[in-house]
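[1] Sequence first, predicted coordinates after that:
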Amino acid sequence: MTALVIAEHDNAHVKGATLNTVTAAVACGGDVHVLVAGSNAAAAAAAAAQIAGVAKVLHADGVQLADGLAENLAAQVLAIAGDYSHILFPATASGKNVAPRVAALLDVAQLSDVTKVISADTFERPIYAGNAIATVQSSDAKKVLTVRTTGFDAAAATGGSAAVETIAVAGDSGKSTFVGREVTKSDRPELTAAKIIVSGGRALGSNEKFMEVLTPLADKLGAALGASRAAVDAGYAPNDWQVGQTGKIVAPQLYIAAGISGAIQHLAGMKDSKVIVAINKDPEAPIFSVADFGLEADLFTAVPELVKSL
Amino acid sequence: MKVLVPVKRVVDYNVKVRVKSDGTGVDIANVKMSMNPFDEIAVEEAVRLKEKGVVTEVIAVSCGVAQCQETLRTAMAIGADRAILVETPADLELQPLAVAKILKALVDKEQPQLVILGKQAIDDDCNQTGQMLAALTGLPQGTFASKVEVVDGKVNVTREVDGGLETVSLSLPAVITTDLRLNEPRYVTLPNIMKAKKKLLEVVKPADLGVDVAPRIKTLKVEEPPKRGAGVKVPDVAALVDKLKNVAKVI
């Protein structure tokens, strides 16, 4: 039995999500290999080789792999899939984009958002926006999984010394081209890895107010900024700040929800946070049912006051 | 240009589901069912493409029990021209790989230039079917779409990804999955609901399409997630800071 982790990387570094996925792979039993598929990605491959618990790194390099196009990355994984009993992707946008393509090409089922590995063929995963946890067993010879990174500790980034093997790069499908990217630039910690998150809802009223009121609090706490779907839909925050069932799943040490009502779908994304604080002037807001500490107050008064007292 | 739009009948998004006490699953008896919200967005996008003159026919498809006909009538009320129900018995659990295989058989038959699906169903939260269909048909995929533009025999798809947005250009035919902000679905009007009753709804079985729909994943048990302890309300900011520093010790 050997597991293959498809690394999430930017060609220069390996991303944190890969480390949590390695932990899940180790739990499946057997050796763990990592595939680094990219363009001029030798640095990322070298970094992957240092992850504790990794026995081997496979490095495929080509311009057709530069931008994570699903058709090409799936073909690359298929080229080596024969050797593996388990193929794991982090449940990131990229992992979720590619994993099912690989599974279908292998004619096997795929398990999404695995939160626990019980045994080589049995796993736990959330369903119905996390209102139920299913224990599922796959009867396929190969298991293809996406791993919910908040369910597994990160493997140590150093301490490993795997060999890096260069493998043949799969061809370009020719059916898709990367056109461009608009990345939200930020000095803040990444939302899915942040220890503290300050999150705002539609009550903030505008993009200007959202930033004006919440940024000082996030700065004071060294926190990432998150948002509810309503706030993003209204244009108060960028789409990649959305926390929820179909957005980012987070589990920080501290989650502060300001002006967020707490719809089922939002809770799905943050209810595994260690400590939840809710600031909302509506005493009936559902967010108070999951909050450890609830402050019934107008956030436009309470948040600046909170910033001052920190 | 034909567009195929698969739609799923799911527990309504407002319903807070309960886990059955025997641990075999979630209790959905007598619970309100609706079209998966992401699939509504898919139908809306297909209909808008038709209204723009890019698309000539929108075909809605659903797989499951006979009541899925209601979901298909809703799709036709939004503007789909006709519908296909691939009917399966209530005790068969249709999983994404099986649905993708059914859809592949329909794609082979109908030859649409676009298949637009919701990115994930809000019941199983799998987020797989569109990508699997693309793989089985050898087509390119544009997932988590927040914008779709058909231009010169290609489709440009702007996708919501972890760091922001990215745009890919796909040759046609292609598979697209919708994300929340692609569009806001229209309200169905009574006249359109009445018109939808007269539109063609064809019923077929997986065997007619030569597809094996047996599930590959077995659910051993379903449980409630760990409960959080009850929280407390704090009277003011000072009390909150005190709790965070001295009780929870998170700051």
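    Thanks, I have it. Numbering: from 1, shown residues only, chains lettered A, B, ... in the order given.

[2] For the chain, which segments are assigned as helices?
    The chain I'm using is chain A. Counting by DSSP state H, residue ranges of the helices within chain A are A:16-27, A:42-48, A:70-81, A:93-105, A:207-221, A:229-233, A:264-270, A:299-309.

[3] actually chain B
    B:37-51, B:68-78, B:96-110, B:129-137, B:190-198, B:237-242.

[4] Please tabulate those helices in a markdown table, including the columns mean neighbour count, distance to residue A:1 and mean pLDDT.
    C-beta here means a position set from N, CA and C on the backbone, and glycine is covered the same way. Putting these into a markdown table (neighbours: other CB atoms under 10 Å in any protein chain shown; distance: least, CB to CB, whole Å; pLDDT from 0 to 100) gives the following:
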| stretch | mean neighbour count | distance to residue A:1 | mean pLDDT |
| --- | --- | --- | --- |
| helix B:37-51 | 23 | 36 | 98 |
| helix B:68-78 | 23 | 40 | 98 |
| helix B:96-110 | 21 | 22 | 98 |
| helix B:129-137 | 27 | 25 | 98 |
| helix B:190-198 | 12 | 52 | 96 |
| helix B:237-242 | 17 | 50 | 95 |
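
[5] just to revisit the earlier point, using CSV, please lay out the helices of chain A together with mean pLDDT.
    Below are the helices of chain A laid out as CSV (pLDDT from 0 to 100):
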stretch, mean pLDDT
helix A:16-27, 98
helix A:42-48, 98
helix A:70-81, 98
helix A:93-105, 98
helix A:207-221, 97
helix A:229-233, 96
helix A:264-270, 95
helix A:299-309, 96
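
[6] how about those in JSON lines, adding mean neighbour count and distance to chain B?
    Listed next are the helices of chain A as JSON lines, based on neighbours: other CB atoms under 10 Å in any protein chain shown; distance: least, CB to the nearest CB, whole Å:
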{"stretch": "helix A:16-27", "mean neighbour count": "25", "distance to chain B": "9"}
{"stretch": "helix A:42-48", "mean neighbour count": "21", "distance to chain B": "16"}
{"stretch": "helix A:70-81", "mean neighbour count": "22", "distance to chain B": "6"}
{"stretch": "helix A:93-105", "mean neighbour count": "26", "distance to chain B": "4"}
{"stretch": "helix A:207-221", "mean neighbour count": "18", "distance to chain B": "7"}
{"stretch": "helix A:229-233", "mean neighbour count": "22", "distance to chain B": "6"}
{"stretch": "helix A:264-270", "mean neighbour count": "24", "distance to chain B": "6"}
{"stretch": "helix A:299-309", "mean neighbour count": "18", "distance to chain B": "4"}
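
[7] Residue B:108 is nearest to which of those helices?
    Set against residue B:108 and scored by CB to CB, those come closest in helix A:93-105, at 15.2 Å.

[8] can you give me the offset of that closest one from its chain's centre?
    Centroid displacement of helix A:93-105 relative to its chain, using CA atoms, centre = their mean, to the nearest Å, is 15 Å.

[9] related to what we said a few turns ago, how about the helices of chain B in a markdown table, adding distance to residue A:134?
    Shown next, in a markdown table, are those (distance: least, CB to CB, whole Å):
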| stretch | distance to residue A:134 |
| --- | --- |
| helix B:37-51 | 20 |
| helix B:68-78 | 23 |
| helix B:96-110 | 14 |
| helix B:129-137 | 18 |
| helix B:190-198 | 35 |
| helix B:237-242 | 36 |
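
[10] Export the ones you listed as JSON lines, with columns for distance to chain A.
    Converted to JSON lines, the helices of chain B look like this (distance: least, CB to the nearest CB, whole Å):
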{"stretch": "helix B:37-51", "distance to chain A": "8"}
{"stretch": "helix B:68-78", "distance to chain A": "18"}
{"stretch": "helix B:96-110", "distance to chain A": "5"}
{"stretch": "helix B:129-137", "distance to chain A": "4"}
{"stretch": "helix B:190-198", "distance to chain A": "25"}
{"stretch": "helix B:237-242", "distance to chain A": "4"}
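
[11] hmm, back to that, nearest to residue A:279, out of the helices of chain A?
    Closest approach to residue A:279 among the helices of chain A (CB to CB): helix A:299-309, 5.0 Å.

[12] Mind listing residues that contact the closest one?
    Helix A:299-309 is contacted from outside by A:203-204, A:209, A:213-214, A:216-217, A:220, A:258-259, A:279-281, A:295, B:237-238, B:240-241, using CB atoms under 8 Å, 6 or more residues apart in numbering or on different chains.

[13] Try it again at 6 Å.
    By CB atoms under 6 Å, 6 or more residues apart in numbering or on different chains, the surrounding residues in contact with helix A:299-309 are A:213, A:216-217, A:220, A:258-259, A:279, A:295, B:237, B:241.

[14] Considering those residues, which is situated nearest to residue B:47?
    Each of the contacts of helix A:299-309 was checked against residue B:47 using CB to CB; the closest is residue A:259, at 34.4 Å.

[15] Quick test: name the residue nearest the centre of the chain.
    No chain was given, so I picked chain A. Centroid-nearest residue in chain A: residue A:92, 4.2 Å away (criterion: CA atoms, centre = their mean).

[16] not what I meant, chain B
    Per CA atoms, centre = their mean, the C-alpha nearest to the average position across chain B is that of residue B:118, at 3.4 Å.

[17] For that one, which non-adjacent residue is spatially closest?
    Once flanking residues are discounted, residue B:118 sits nearest to residue B:38: 2.7 Å by CB to CB, 6 or more residues apart in numbering or on different chains.

[18] which residues does the one you found contact?
    So residue B:38 contacts B:118-119, B:178 (CB under 6 Å, 6+ apart).

[19] still on that earlier bit, minimum distance to residue B:224: which of the helices of chain A has it?
    Counting by CB to CB, residue B:224 lies closest to helix A:264-270 out of the helices of chain A; the figure is 13.8 Å.

[20] Could you give the separation of the closest one from the chain centroid?
    Per CA atoms, centre = their mean, the centroid offset for helix A:264-270 relative to its chain is 15 Å.

[21] Please apply the same query to stretch A:240-257.
    With CA atoms, centre = their mean as the basis, stretch A:240-257 stands 10 Å off its chain's centre.

[22] residues in contact with it?
    The contact list for stretch A:240-257, computed with CB under 6 Å, 6+ apart, reads A:129, A:150, A:184, A:191-192, A:194-199, A:225-227, A:229, A:232, A:265-266, A:268-270, A:272-278, A:287, B:163-164, B:250.

[23] for residue B:81, what are its contacts?
    B:57-58.

[24] what do you get if the cut-off is 8 Å, keeping everything else the same?
    Residue B:81 sits next to B:57-59, B:199 when contact means CB under 8 Å, 6+ apart.

[25] Just the buried ones from the residues you listed?
    With neighbours counted by 16 or more other CB atoms under 10 Å in any protein chain shown, the contacts of residue B:81 contain buried members at B:58-59, B:199.

[26] In strands only, show me those.
    Judged by DSSP state E, those include B:58-59 as members of strands.

[27] Check the buried ones among the contacts of residue B:81 against chain A and report the nearest one.
    Checking these against chain A with CB to the nearest CB, the nearest one is residue B:59 at 21.9 Å.

[28] Mind pulling the model confidence for that closest one?
    Per-residue pLDDT puts residue B:59 at 98.

[29] Can you name the residues that contact it?
    Shown in contact with residue B:59 (CB under 8 Å, 6+ apart): B:2-5, B:80-84, B:110, B:112.

[30] swap the cut-off to 7 Å and go again
    For residue B:59, the contacting residues are B:2, B:4, B:80-84, B:110, by CB atoms under 7 Å, 6 or more residues apart in numbering or on different chains.

[31] So what pairs up with it in the strands?
    Residue B:59 has these beta-bridge partners by DSSP bridges: residue B:4, residue B:82.

[32] sorry, back to before: how about the contacts of residue B:81, which pair is most distant?
    Pairwise distances across these (CB to CB) peak at 11.6 Å, for the pair B:57 and B:199.

[33] how many other residues sit next to the residue lying closest to residue A:190 once chain neighbours are set aside?
    The shortest distance from residue A:190 to any non-neighbouring residue, by CB to CB, 6+ apart, is to residue A:224 (6.7 Å). Applying other CB atoms under 10 Å in any protein chain shown, we find 24 residues neighbouring residue A:224.

[34] Many thanks, have a good one.
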